[in-house]
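Visitor: Sequence first, then the predicted structure:
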Amino acid sequence: MKALFTSFPASDYPASTRFYEDTVGLPVARRFDGQPHHFTNYDLGSMMLKVYEWTAPYYGSGHSGLFIETGNLDAVMQRIRDHGGKATDIMVHGWGGRCCSVTDPFSNIFDLIDANQKGDA
């Protein structure tokens, strides 16, 4: 497993893109403008920073700040559940990523994403 990206919500998406691109100088890896959110991925070398703004109500995986990719999402999710952990059902996002959200024993939430179906994460 490895960290794929960390994400920050933006209440003013155009201002956030100006800040990260013009002020900080991060290179854009990808933009997405659809439902349920807009996002821009910035290339940080070994991982990405995703800055997003929700454009529609959304209640699936994708609310955490950390996405970890795994080569066997189904098995890891099942192992978490077998050990009493919490994991949402796996879903496929509009941008193509196959993910689930996990809550650890201390109520921290992170997302797992299938390394074999990352979409354009």
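Guide: Okay, I see it.

Visitor: Only C-alpha atoms from now on, for both contacts and neighbour counts.
Guide: OK.

Visitor: And the strands in this structure?
Guide: Counting by DSSP state E, the chain has these strands, from start to end: 2-9, 28-33, 37-43, 48-54, 66-70, 86-87, 91-92, 98-103, 109-114.

Visitor: Nearest to F19, out of those?
Guide: strand 48-54 (10.8 Å; Cα to Cα).

Visitor: Show me how far the closest one is from its chain's centre.
Guide: Here strand 48-54 is found 8 Å from its chain centre; the criterion is Cα atoms, centre = their mean, to the nearest Å.

Visitor: Could you do stretch 105-112 as well?
Guide: Mean-position distance between stretch 105-112 and its chain equals 13 Å (Cα atoms, centre = their mean).

Visitor: Same check on stretch 11-19?
Guide: Averaging C-alpha positions (Cα atoms, centre = their mean) puts stretch 11-19 18 Å from its chain's average.

Visitor: If you count neighbours, what's buried in it?
Guide: Of the residues in stretch 11-19, 13, 16-17 count as buried by neighbour count, 16 or more other Cα atoms under 10 Å.

Visitor: Can you convert the strands of the chain into CSV and add a column each for mean neighbour count and distance to E21?
Guide: Converted to CSV, the strands of the chain look like this (neighbours: other Cα atoms under 10 Å; distance: least, Cα to Cα, whole Å):
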stretch, mean neighbour count, distance to E21
strand 2-9, 17, 15
strand 28-33, 15, 7
strand 37-43, 20, 9
strand 48-54, 20, 11
strand 66-70, 21, 21
strand 86-87, 20, 34
strand 91-92, 16, 29
strand 98-103, 23, 28
strand 109-114, 23, 26
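
Visitor: Need the pLDDT of T55.
Guide: T55 carries a pLDDT value of 80.
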